[in-house]
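**Student:** Got a predicted model here, sequence first, then my questions.
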Amino acid sequence: MSRIGKNPVEIPQGVDVVIQGSALTAKGKLGELSVTLVDEVEAKVEDGKVWVNPRGETIAAHKFWGTMRSLVGNAVTGVSEGFTRNLEINGVGYRAQVQGKDLILQLGYSHEVRYPVPDGITIQCADQTHISVHGADKQQVGQTAADIRAKRPPEPYKGKGIRYADEYVMRKEGKKK
């Protein structure tokens, strides 16, 4: 039985939610996101809340119930507030800057790494060692942050590389003489 599916999704001020067939569309100040609902789940808007319920008592309906409620909640939150992932760069000479539509990374390679910023994503560099990825789509924000981190993941001996701001890198001891 889904516990998260039982809770409705609150619709904040300034967000419009429309359900047409199996597509739920949320429009807000940060854009428009659409969620395709599976056949086992139905959604309805009542009193400023979106209720997601299973259509039957099948196992598949109960499996999708909480998942669809979370996806609807992420869409509503995304168009109203957005999502942010923060990254930190550690290493001598490692730095980042935004030029136009590209993120320029210098990560100890013989060349600079250019990462084109996807549509719907905003990347800001507060200074040369901090990157902030912001957007309305939670999946796209997470994937963009993961792609940037993959350019030079943190290594366990000196901790150099790109890591999430809330990530802890387990350090290893070097070899002994």
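**Tutor:** Thanks, I have the structure now.

**Student:** So for the longest helix along the chain, what gets flagged as buried?
**Tutor:** Using DSSP state H, we find that the single longest helix of the chain is helix 59-80. Residues of helix 59-80 classed as buried: 61-62, 64-66, 68-80 (neighbour count, 16 or more other CB atoms under 10 Å). For the C-beta atoms, the positions are set from N, CA and C on the backbone; glycine is no exception.

**Student:** what's the span of stretch 14-22, first residue to last?
**Tutor:** 23 Å (CA to CA, to the nearest Å).

**Student:** actually stretch 29-39, sorry about that
**Tutor:** Start-to-end span of stretch 29-39 (CA to CA) is 29 Å.

**Student:** Val141 looks like it's in a helix, true?
**Tutor:** Yes. Membership of Val141 in a helix is supported by DSSP: H, G, I helix; E, B strand; the rest coil.

**Student:** Distance from stretch 168-177 to the middle of the chain?
**Tutor:** Remark: stretch 168-177 is offset 31 Å from the chain centroid, using CA atoms, centre = their mean, to the nearest Å.

**Student:** repeat for stretch 74-82
**Tutor:** Distance, centroid of stretch 74-82 to centroid of chain: 11 Å (CA atoms, centre = their mean).
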